[in-house]
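Asks: output the structure for:
(one chain, ligands or ions: 2)
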Amino acid sequence: MRLGLIGFGNIGATLLDLMQKAGLAPAHLAVLVRRGREASVPATAGAVVVTSAEALLAETPDLIVECAGHAAVSEHGPVVLRAGVDMVQVSVGAMSDPALEAQLRAAAKEGGARIVLPAGAVGGLDLLSALSATGELQVTYRGIKPPKAWAGTPAGETLDLDTLTTREVFFRGSARDAARAFPKNANVAAALALAGAGFEETQVELIADPEAPGNVHSYDVRSPVANYTMEIENLPSAGNVKTSVSTVYSVLREIRNRMNPVVI
Ligand SMILES: NC(=O)C1=CN([C@@H]2O[C@H](COP(=O)(O)OP(=O)(O)OC[C@H]3O[C@@H](n4cnc5c(N)ncnc54)[C@H](O)[C@@H]3O)[C@@H](O)[C@H]2O)C=CC1
Ligand SMILES: O=C([O-])CC(=O)C(=O)O
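Replies: Numbering: from 1, shown residues only. Ligands and ions are numbered 1, 2, ... in the order given. As a prediction, this is how the structure comes out:
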């Protein structure tokens, strides 16, 4: 596979490592970084490093994985999709901006490309997406992380994250508001919303818990044909405590599914 990456931080670097270990090293790798950040991609990655979507497309990738953040989706997503290249959009929460979502969908349609939204750090989206066809879903999600994972977010305006000793719910609202206010922590809420009941209807609680065993994603689903509760206790990444390691495995799964004859 000729692979294009947008962003080479924690997820990008770990993904390449996992691909190499799984014997799935890309035949060709191009990485889009911000201008001036070219040196952040080590020579050992064996990548062509570029600073624009046009230059990334010139490397003729079969698939592009965005793992750079909401602003990067807005900057590069429409260009990539209009050119007809499928994009795994790890920053799912960028879809919480209705204008951007419409722009991305239109670009994908125009280019004949697909936007692949990975499950990321959460699971069970297959069943949730299937049950959405019932038209009667109730979904409540709780995102629980240690205080330090909420550093630099609006949680710090109401909580002293450095000294917190008790579990605190600092956000209650819709998945849309959560994804917009917590772009590095609530992509999971956006994925659940898009798979299931929608951005407005999906209820979200965000919690800082000094006793949290990791990044915990828990949600309840009620529908006319099935009810279930899911709880995933994730190991945070060494390179970014906000991001669970399983997010990277979920992207690896998308790549495996494009390379293997059986999709699962
Ligand atoms: N779907 C999910 O479950 C999850 C999604 N995410 C998303 O993935 C993103 C990346 O996560 P990490 O790799 O852990 O973060 P990170 O901060 O370690 O890496 C992000 C990289 O992207 C680069 N970058 C930022 N803007 C860019 C641009 N316009 N063009 C090119 N590169 C750019 C940064 O310089 C940095 O190297 C998060 O911001 C979040 O939006 C993260 C965790 C879970
Ligand atoms: O990686 C995680 O645990 C979830 C996360 O940050 C997000 O949803 O943005």
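Asks: which positions in the stretch 151-264 of the chain make contact with ligand 2?
Replies: When proximity is defined as Cβ under 6 Å from any ligand atom, the stretch 151-264 of the chain approaches ligand 2 at Lys184, Asn185, Ala186, Asn187, Val188, Asn215, Asn234, Lys242, Thr243, Ser244, Thr247. (Glycine included, C-beta is placed from N, CA and C.)
Asks: closest to Gly9 out of those?
Replies: Here the nearest of these to Gly9, counting by Cβ to Cβ, is Thr243; it sits at 8.8 Å.
Asks: ranges for the helices of the stretch 1-150 of the chain?
Replies: Ranges of helices in the stretch 1-150 of the chain, per DSSP state H, counting those that start in this stretch, are 10-21, 53-58, 70-82, 98-111, 125-131.
Asks: would the third one count as contacting ligand 1?
Replies: Yes. On the criterion Cβ under 6 Å from any ligand atom, helix 70-82 is in touch with ligand 1 at His70, Ala71, Ala72, Glu75.
Asks: and that helix with helix 98-111, angle?
Replies: What separates the directions of helix 70-82 and helix 98-111 is an angle of 20 degrees, with axes from the mean of the first three to the mean of the last three Cα atoms, to 10 degrees.
Asks: tell me, how many residues neighbour Val241?
Replies: Other residues within reach of Val241, judged by other Cβ atoms under 10 Å, total 17.
Asks: hmm, stretch 45-62 touching ligand 1?
Replies: No. Legend: contact between stretch 45-62 and ligand 1 by Cβ under 6 Å from any ligand atom is lacking; minimum distance shown is 8.1 Å.
Asks: that stretch: how far from the chain's middle?
Replies: Stretch 45-62 has its average C-alpha position 21 Å from the chain's average C-alpha position, going by Cα atoms, centre = their mean, to the nearest Å.
Asks: now stretch 14-22
Replies: Counting by Cα atoms, centre = their mean, stretch 14-22 comes out at 18 Å from the chain centroid.
Asks: what comes up buried for it?
Replies: Neighbour-count burial for stretch 14-22, with 16 or more other Cβ atoms under 10 Å as criterion, is recorded at Thr14, Leu15, Leu16, Leu18, Met19.
Asks: from the residues you listed, pick the one nearest ligand 2.
Replies: Among the buried residues of stretch 14-22, Thr14 lies closest to ligand 2 (Cβ to the nearest ligand atom), at 11.9 Å.
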